[in-house]
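Enquirer: With the input below, show me the fold.
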Amino acid sequence: MREPPGGRVTRRVGRLLRAAVVGVLVVTTATAGAVVPPTDPARQAEYWLDDYGIRTAWQTTRGAGTTIAVIDTGIGRGPAEFEGAVTAGADFSGSGSADGRTPVGGDDRDHGSWVASLAASRGTGPDTGMIGVAPEAKLLSLSIGFGGSSDIPFATQVADAMTWAVDHGADIINLSFTTNLLEWDPSWDTAFQYAYDHDVVVVVAAGNRGTGTDRVGAPATIPGVLTVGGVDRGGVASQEASTQGITIGISAPSEGLLGVSADGRIVVWDGTSGAAPIVAGVAALVRSAHPGLDANNVINRIIKTARAVPGVSAKPDPLYGYGLLDAAAAVNTAVPAVSENPMGDLAEWVRIYRRAEQAPAPQPSTSPVALPELPAADPPSEAGSPLLPSLNTLLYGTVPLVGVTIAAILVALGVTAAVRRIRSARASR
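Expert: Numbering: from 1, shown residues only. A predicted model of the protein is given here:
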């Protein structure tokens with residue numbers, strides 16, 4: 001499978017199944033001579049709808065009035081499950097269609113459709129076909145290319161797609177991929193802050209050990225995002241289809257998930273790429289039920305109403321975050337309001353950890369600079385013969401030399417006179 005820069009896309013494909021998921025399941029029960037119609041296999045396989053309180057939350061809302069942007073490989077046009085769900089889209093890979101509905105990539109081309117189907121697919125009938133967590137929410141299909149499927153830098157694609165999503169009415173943005181790197185491109189500072197400033201909830205997959213992610217990587221490390229870890233059907237942290245890290249905020253199912261492919265086939269797959277849109281769908285339910293809540297309080301309701309994991313007391317826990325997703329509690333429980341994003345403040349992080357932009361180098365001035373006037377020069381001396389002594393040579397050369405010479409002569413004469421007197425005295429004796 002191709003990778004975005006620095007890591008694999010966070011998903012592991014399960015076995016492909018026929019459109020009926022597990023084949024045609026027929027259940028007949030004699031009840032007063034009547035035959036009970038068979039249970040739809042797709043709906044029956046969506047265990048998370050009951051286990052995580054989603055059907056109960058539907059008694060209050062099904063996500064109407066909200067919009068989820070899926071920044072991924074694109075949502076396929078054909079499946080009936082997406083009829084009426086996708087309202088707009090765009091391509092940022094340079095290889096998709098203008099509306100973002102042509103899947104991009106090779107092995108990954110169905111990934112965006114799988115993700116979207118978990119968030120807000122409509123099913124194929126009132127009680128048939130795969131249905132998403134928020135089946136009345138709208139979807140935006142923003143196609144990007146992982147790895148070698150695009151010549152445009154991955155960071156640029158994501159940043160541009162996020163800005164477009166915000167400008168086109170997204171209430172929730174879902175990012176089901178990882179770079180496997182703790183740090184992220186500075187362009188994401190601006191794009192993610194733009195989403196926060198416009199009251200958008202950003203939901204991100206934590207990554208999977210099965211695809212080489214031992215710890216959460218960007219964008220799951222960016223302050224302010226709601227990072228989703230994965231659990232198996234028993235609610236235990238998945239060994240293959242999840243990872244760990246202190247930025248995990250909530251846990252949701254990541255094993256045995258269903259997904260509608262771009263060609264309408266239903267597959268079973270694993271990964272936090274699927275756990276994330278389940279949480280994004282719950283965020284849509286919360287925003288639909290409480291339209292006055294800002295993004296900070298939507299995230300806060302989801303993590304504060306999470307079900308405790310037996311034996312886990314730390315909050316957040318590096319495997320489970322604040323606990324297991326509970327859609328019904330998130331929608332219906334009274335939760336005290338908060339004024340800040342409980343998952344962190346990106347602007348403050350940037351202020352502390354990003355190097356400040358260097359001030360531009362001063363430009364040379366073209367205006368003249370006033371300098372103080374120099375003192376007047378000494379007038380030139382009259383030219384003389386180089387053979388005649390000058391005043392300086394007389395003062396500092398000739399005169400001292402004459403003085404020394406005279407002194408030396410006088411000393412010599414004195415010595416000579418003394419010697420003569422001594423000799424004369426000896427001769428007179």
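
Enquirer: Might one say that residue 100 is in contact with residue 77?
Expert: No: using C-beta atoms under 8 Å, residue 100 makes no contact with residue 77, being 10.2 Å away. Just so you know, the C-beta spots here come from the backbone N, C-alpha and C atoms, and that holds for glycine as well.

Enquirer: Comparing those two, which shows the higher neighbour count?
Expert: residue 100 (30 against 16; other C-beta atoms under 10 Å).

Enquirer: Low-confidence bits of the stretch 251-400 of the chain, can you list those?
Expert: 356-362, 364-366, 380-397 (pLDDT under 70).

Enquirer: Strands of that one, start to end?
Expert: Ranges of strands within the stretch 251-400 of the chain are 257-260, 266-270, based on DSSP state E, counting those that start in this stretch.

Enquirer: So residue 249, which state does it fall into?
Expert: Under DSSP: H, G, I helix; E, B strand; the rest coil, residue 249 falls in the strand class.

Enquirer: ok, so what distance separates it from residue 372?
Expert: 68 Å (C-beta to C-beta, to the nearest Å).

Enquirer: Then residue 327?
Expert: Distance, residue 327 to residue 372, by C-beta to C-beta: 81 Å.

Enquirer: Over to residue 378?
Expert: According to C-beta to C-beta, residue 378 stands 19 Å off from residue 372.

Enquirer: again with residue 314
Expert: Distance of residue 314 to residue 372, given as C-beta to C-beta: 73 Å.

Enquirer: which secondary structure element contains the spatially most central residue of the chain?
Expert: Residue closest to the average C-alpha location in the chain (C-alpha atoms, centre = their mean): residue 219, at 3.6 Å. Residue 219 is part of no helix or strand when elements are defined by DSSP states H and E.

Enquirer: Can you name the residues that contact the nearest residue to it once chain neighbours are set aside?
Expert: Closest residue to residue 219 apart from its sequence neighbours, by C-beta to C-beta, 6 or more residues apart in numbering: residue 204 at 5.1 Å. Listed by C-beta atoms under 8 Å, 6 or more residues apart in numbering, the contact set of residue 204 reads 175, 176, 219, 220, 222, 225, 226, 227, 228, 276.

Enquirer: Let's see that with 7 Å instead.
Expert: 175, 219, 220, 225, 226, 227, 228, 276 (C-beta atoms under 7 Å, 6 or more residues apart in numbering).

Enquirer: so what's the first one closest to, chain neighbours aside?
Expert: Just to be clear, that refers to residue 175. residue 204 is the one closest to residue 175 (C-beta to C-beta, 6+ apart), at 4.7 Å.

Enquirer: Helix, strand, or coil at that neighbour?
Expert: strand.
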